[in-house]
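In: coords please:
(one chain, ligands or ions: 4)
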Amino acid sequence: MAHDFLGSESCQACHPDAYAAWQTSAHARSREVLSPQQQKDVRCLSCHSPNQTDQKVSHVACESCHGGGQYYSARFVMKDSELARLVGLVDPGEKSCRGCHDGASPSLKPFDFTAKLKAIDHWSVERAKRKAAAAVVPPLKPEASASR
Ligand code: HEC
Ligand code: HEC
Ligand code: HEC
Ligand code: HEC
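Out: Residues are numbered from 1 along each chain as shown. Ligands and ions are numbered 1, 2, ... in the order given. You can find the predicted model right below:
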């Protein structure tokens, strides 16, 4: 699908915690580490800003991993996991990381998926909040209501 990216800011309103975590990650400034000259070099952009040319979206953006959001980011679609995936939501896994974090990247250490995944955690806060919101409100203690 061409030009179906909405940009990372489009996810922010509904995913403020994920957005805030991403913003502090290396992925949110991956284009800036390149010199102005390198920012025009497709060989560097392929990993440092992979959707800049086709989608006008910089850095390793939300949609670089999760897929272009044009069709899945409506609230009613997002709430339907199956539908969201049918219209473009991608579950990024180790394979997608290795598309960039492989032998061609400058890292001297081999890519440790478990550790690196932890380093880009932008889901735990959101999941915890969702769980708390879904939890049943505990009933009042009998003493508390009797003392009124
Ligand atoms: C209009 C609000 C809204 C926008 C905009 C939005 N989302 Fe969502 N998203 C949601 C809701 C609501 C859920 C479901 C959460 C739940 O289950 O309570 C969700 C779920 C998700 C999930 C988990 C899906 C699953 O089934 O496991 C991912 C990943 C996600 N969104 C990524 C994104 C990305 C990336 C963007 C930006 C391109 C985005 N969202 C934009 C509201 C939104
Ligand atoms: C195959 C994907 C890939 C390509 C192509 C690539 N890089 Fe990178 N680059 C990475 C990854 C992944 C890292 C982070 C490595 C790490 O820290 O373990 C990185 C890190 C860097 C850093 C260090 C950033 C920092 O925060 O210190 C610089 C500078 C850099 N790359 C420049 C370039 C330049 C210039 C080019 C083009 C000639 C290029 N890269 C091409 C994947 C790539
Ligand atoms: C480098 C790839 C990458 C980028 C960039 C990225 N994500 Fe994710 N995201 C993941 C992975 C991988 C997971 C699943 C982690 C897991 O389940 O262990 C995830 C999980 C999520 C979830 C939680 C889904 C759930 O089941 O609860 C949401 C929401 C989400 N991402 C939104 C975003 C948003 C919004 C952005 C941009 C601000 C973003 N992501 C950027 C890779 C990425
Ligand atoms: C489109 C290419 C791309 C994909 C896909 C990608 N990354 Fe990255 N990642 C980069 C680049 C480029 C950097 C270096 C950015 C910088 O230093 O400014 C980086 C840096 C990082 C860093 C910080 C540096 C380091 O090595 O500790 C972590 C952690 C990381 N990525 C984890 C992941 C994980 C986990 C995934 C898969 C869920 C993933 N990345 C997918 C391109 C990518």
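In: tell me which residues touch the residue sitting nearest the centre point of the chain, please.
Out: Nearest to the mean C-alpha position of the chain, by CA atoms, centre = their mean, lies Cys62 at 4.0 Å. With contact set as CB atoms under 8 Å, 6 or more residues apart in numbering, Cys62 has these partners: Ser8, Cys11, Ala18, Tyr19, Trp22, Gly69. Yep, even glycine has a C-beta here, placed from its N, CA and C like the rest.
In: enumerate the residues of this protein near ligand 2.
Out: Proximity of the chain to ligand 2 (CB under 6 Å from any ligand atom) is limited to residues 26, 33-34, 38, 41, 43-44, 46-48, 100-102, 104-107.
In: tell me the buried residues within those.
Out: Buried members of those, scored by 16 or more other CB atoms under 10 Å, are Cys44, Cys47, His48, Cys100, His101.
In: secondary structure, pLDDT and distance to Ala132 added to those residues, as TSV?
Out: Below are those laid out as TSV (DSSP: H, G, I helix; E, B strand; the rest coil; pLDDT from 0 to 100; distance: CB to CB, whole Å):
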residue	secondary structure	pLDDT	distance to Ala132
Cys44	helix	95	42
Cys47	helix	95	37
His48	helix	97	37
Cys100	coil	94	34
His101	coil	93	33
